[in-house]
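Peer 1: sequence plus predicted model, see below.
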Amino acid sequence: MGYRIPEETIEAIRRSVDIVDVISDYVQLKKQGRNYFGLCPFHGEKTPSFSVSPEKQIFHCFGCGAGGNVFSFLMDIEGISFIDAAKRLASRANIDLSHLALDDQRESYTGANEAKKMIEAHELLKKFYHHLLLNTKEGQAAFDYLQARGWTREIIEQFEIGYSPNSWDFAVKFLTGRGFSLELMEKAGLVIRKENGGYFDRFRNRIMFPIHNHHGETVAFSGRMLGEGQPKYLNSPETLIFHKGKILYNFHQARLHIRKRQEAVLFEGFADVVSAIKAGVAYAVATMGTALTEDQARILRRNVESVIICYDGDTAGIEATFRAAELLSGTGCHVKIATIPDGLDPDEYIRKYGSERFQRDVIEASNSFMAFKMAYLRRGKNLQNESDQIRYIEEVLQEISQLTNPIEKDYYLRQLANEFSLSLSALQQQLERYKKTKDKHNADARERVATRQPLPKKLLPAFQNAERILLAHMLRNRDVALTVQQAIQGEFNIEEHRAIAAYVYAFYEEGNEPDVSLLIARVPDHLKPLVTELSMLLINEEISTQELNDYIKHVLNYPKWLMLKEKEQEKIEAERKKDFLKAARIAKEIIEMKKQLSIS
């Protein structure tokens with residue numbers, strides 16, 4: 001990057017400021033022994049567990065695990081970059097950085113100056129797109145569409161929603177006229193270079209949702225197609241200023257509401273957040289239609305203890321809810337699940353039933369993660385069948401054994417005992433067996449670590465193994481990547497695999513030869529460990545056409561298999577309700593689906 005602060009200058013800044021003084025601007029600290037203690041600013045608590053060491057010049061929270069030095073504290077508490085944190089601390093310490101700014105100006109659009117120009121371009125385009133939506137004939141159809149969805153002018157203005165005209169060069173001319181380098185604007189994801197030279201607009205005839213970083217600066221867009229066409233949503237690519245896995249949509253507006261309420265509601269997409277805020281849920285954020293990442297989970301945990309997950313009510317939404325809940329629980333969040341009935345998404349539910357019912361029957365009626373797990377484990381099982389019933393009870397007991405709160409354990413044990421007319425003591429005995437097994441497993445794990453023996457690998461589903469092996473071969477062979485691209489495109493079932501595949505396709509399309517080291521430099525930080533792992537998989541150097549096709553079939557057939565399981569559950573439900581005509585119809589559909597799976 002062009003704007004670099006020398007290591008010796010960073011060290012001079014660190015030595016010149018006292019972390020206790022800096023943190024005292026945000027947290028009331030009291031000295032106890034050699035350290036200072038206060039209430040953690042990154043999660044809600046009643047007893048101080050946030051410690052600051054003047055001797056080591058570090059902070060640590062024994063509750064949520066947050067920690068670091070004076071730079072990371074400012075970055076976390078303010079949501080700013082390292083450079084901005086260094087500037088603030090340098091100003092506090094009266095250390096002059098102006099000579100570094102001069103160095104930066106001598107370099108054309110690099111480093112911090114590149115980022116500044118990119119943000120400036122996004123801010124200008126956002127304002128103009130917003131103007132076009134609200135005040136021009138070109139934007140009238142888009143404005144009418146939003147109003148038909150129940151979005152008022154006030155809510156459109158709050159989110160600065162806009163409209164990109166149906167033109168190939170509107171943004172190109174707009175940005176050029178204001179002195180922006182189109183080469184830089186391509187890096188910013190706003191324009192695309194033509195093969196024969198020149199540039200054209202990335203976003204055309206779309207309703208534009210500006211995406212802000214956590215400091216409130218516009219760093220990207222998501223454009224929804226107006227009318228028919230694909231893709232329905234087109235998002236900005238990853239850039240110097242935009243890393244999708246590290247940003248939560250609307251976080252810059254919701255942060256104060258989240259901290260005040262000590263609760264956040266997590267959605268999957270923009271429209272859900274906009275509708276939720278219109279419905280009075282001001283503490284709403286979203287992952288922008290992708291799986292929750294570890295970075296996003298940590299951002300939530302630093303700011304709040306309780307998170308309500310409110311994803312779509314369809315099969316994919318339920319699966320995504322489970323994964324997000326597991327990740328958030330792992331960071332120490334108290335997770336609740338808001339269930340959307342009838343397979344609707346939150347935006348559809350609000351439009352159908354209204355704001356009051358959404359708050360009362362969905363958000364306020366959210367269930368514990370354990371209750372959600374129990375419902376999740378019921379899927380695909382006929383609980384009137386003895387073997388399914390026993391399997392369900394055992395799976396639930398395994399989950400109960402993971403609970404640390406004894407009251408929770410007792411509550412769900414009694415619920416299980418009552419539902420299936422079982423002896424509470426029998427369930428407790430089985431739970432004790434699981435505990436002994438778990439304790440033995442932990443002891444074995446400690447012994448393996450002590451003797452440097454690797455842990456046994458967890459068996460993965462066939463489709464997931466197939467995706468991993470395909471990606472491993474794609475990293476090593478351009479022809480395999482091309483074959484997979486033609487057969488699968490982006491239809492990998494695991495979110496991280498889809499992202500890696502997209503980077504691999506782009507890498508080869510640029511004319512690069514297989515080079516994992518060069519590729520890793522281009523992928524986001526959260527994907528680098530997985531890319532490295534896949535590149536180290538022990539696979540045959542050559543892969544036969546038959547083997548390649550088999551792996552591709554596993555990937556493509558998995559969604560069909562999920563649909564088949566769903567149909568089988570529908571048939572069981574129809575039989576339970578004695579709707580035998582419906583059950584027979586579904587049975588025919590199941591037979592046809594199985595035929596298709598065997599053919600493919």
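Peer 2: Happy to help now that I have it. Every value quoted in this text rests on a predicted model; they were computed, and no experiment measured them.
Peer 1: would you double-check that K117 falls in a strand?
Peer 2: No - using DSSP: H, G, I helix; E, B strand; the rest coil, the assignment for K117 is helix, not a strand.
Peer 1: give me the number of residues near it?
Peer 2: K117 is flanked by 19 other residues according to other Cβ atoms under 10 Å. Every residue, glycine included, has its C-beta placed from N, CA and C.
Peer 1: hang on, it packs against F180?
Peer 2: Yes - counting by Cβ atoms under 8 Å, K117 touches F180, with 6.8 Å between them.
Peer 1: top helix in this structure by residue count?
Peer 2: helix 545-576 (DSSP state H).
Peer 1: which residues in the stretch 301-450 of the chain form strands?
Peer 2: Secondary structure of the stretch 301-450 of the chain by DSSP state E, counting those that start in this stretch: the strands cover 306-309, 334-337, 367-368.
Peer 1: got these as a markdown table, with mean neighbour count columns?
Peer 2: Shown next, in a markdown table, are those (neighbours: other Cβ atoms under 10 Å):
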| stretch | mean neighbour count |
| --- | --- |
| strand 306-309 | 24 |
| strand 334-337 | 21 |
| strand 367-368 | 15 |
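Peer 1: which one of those strands lies closest to S164?
Peer 2: Across these, S164 has its closest neighbour in strand 306-309 (31.5 Å, Cβ to Cβ).
Peer 1: where does this structure have its least confident helix or strand?
Peer 2: Ranking every helix and strand in the chain by mean pLDDT, DSSP states H and E puts helix 98-106 at the bottom, with a mean of 51.
Peer 1: what's the host helix or strand of S51 packed up against?
Peer 2: Element membership of S51, judged by DSSP states H and E, is strand 50-53. If contacts are counted by 3 or more Cβ pairs under 8 Å, 6 or more residues apart in numbering; DSSP states H and E, strand 50-53 sits against helix 19-24, strand 35-38, strand 58-61.
Peer 1: can you do 6 Å?
Peer 2: strand 35-38, strand 58-61 (3 or more Cβ pairs under 6 Å, 6 or more residues apart in numbering; DSSP states H and E).
Peer 1: return the distance of the last one from the chain's centre.
Peer 2: Between the mean C-alpha point of strand 58-61 and the mean C-alpha point of its chain there is a distance of 26 Å (Cα atoms, centre = their mean, to the nearest Å).
Peer 1: from the contact counts, what lies against the helix or strand following the longest helix of the chain?
Peer 2: Heading C-terminal from helix 545-576, the first helix or strand you meet, by DSSP H and E, is helix 580-599. For helix 580-599, the elements it packs on are helix 545-576, judged by 3+ Cβ pairs under 6 Å, 6+ apart.
Peer 1: tell me where the stretch 101-250 of the chain has strands.
Peer 2: 162-164, 191-193, 199-201, 206-212, 218-225, 233-235.
Peer 1: where are the low-confidence patches of the stretch 301-450 of the chain?
Peer 2: 438-450 (pLDDT under 70).
Peer 1: helices of that one, residue ranges please.
Peer 2: 315-330, 346-353, 355-357, 369-378, 386-400, 406-420, 424-450 (DSSP state H, counting those that start in this stretch).
Peer 1: sorry, back to before: what's the closest of the strands of the stretch 301-450 of the chain to G280?
Peer 2: strand 306-309 (14.1 Å).
Peer 1: picking that back up, turn the strands of the stretch 301-450 of the chain into JSON lines, columns for distance to A487.
Peer 2: As requested, the strands of the stretch 301-450 of the chain are exported to JSON lines (distance: least, Cβ to Cβ, whole Å):
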{"stretch": "strand 306-309", "distance to A487": "34"}
{"stretch": "strand 334-337", "distance to A487": "36"}
{"stretch": "strand 367-368", "distance to A487": "40"}
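Peer 1: tell me which of those lies nearest to L89.
Peer 2: Across those, closest to L89 is strand 306-309 (Cβ to Cβ), at 31.4 Å.
Peer 1: can you tell me the closest non-neighbouring residue to Y349?
Peer 2: Spatial nearest neighbour of Y349, excluding adjacent residues (Cβ to Cβ, 6 or more residues apart in numbering): I340 at 5.4 Å.
Peer 1: can you tell me how far the one you found is from L581?
Peer 2: 29 Å (Cβ to Cβ, to the nearest Å).
Peer 1: who has more neighbours out of these two?
Peer 2: Between I340 and L581, counted using other Cβ under 10 Å, the more crowded position is I340 (22 against 8).
Peer 1: and that one, what are its phi and psi?
Peer 2: phi -100, psi 120 (degrees, to the nearest 10).
Peer 1: ditto for G380
Peer 2: Dihedral angles for G380 - degrees, to the nearest 10 - are phi 80, psi 10.
Peer 1: tally of neighbours for it?
Peer 2: 12.
Peer 1: touching, it and E566? I think so.
Peer 2: No - the pair G380 and E566 does not pass the contact test of Cβ atoms under 6 Å, sitting 8.3 Å apart.
Peer 1: how is the chain divided into domains?
Peer 2: The record's domain parsing of the chain by automatic domain parsing lists 7-105, 109-242, 252-376, 380-450, 461-600.
Peer 1: pull up the distance across the third one, start to finish.
Peer 2: Distance between the two ends of domain 252-376: 33 Å, counting by Cα to Cα, to the nearest Å.
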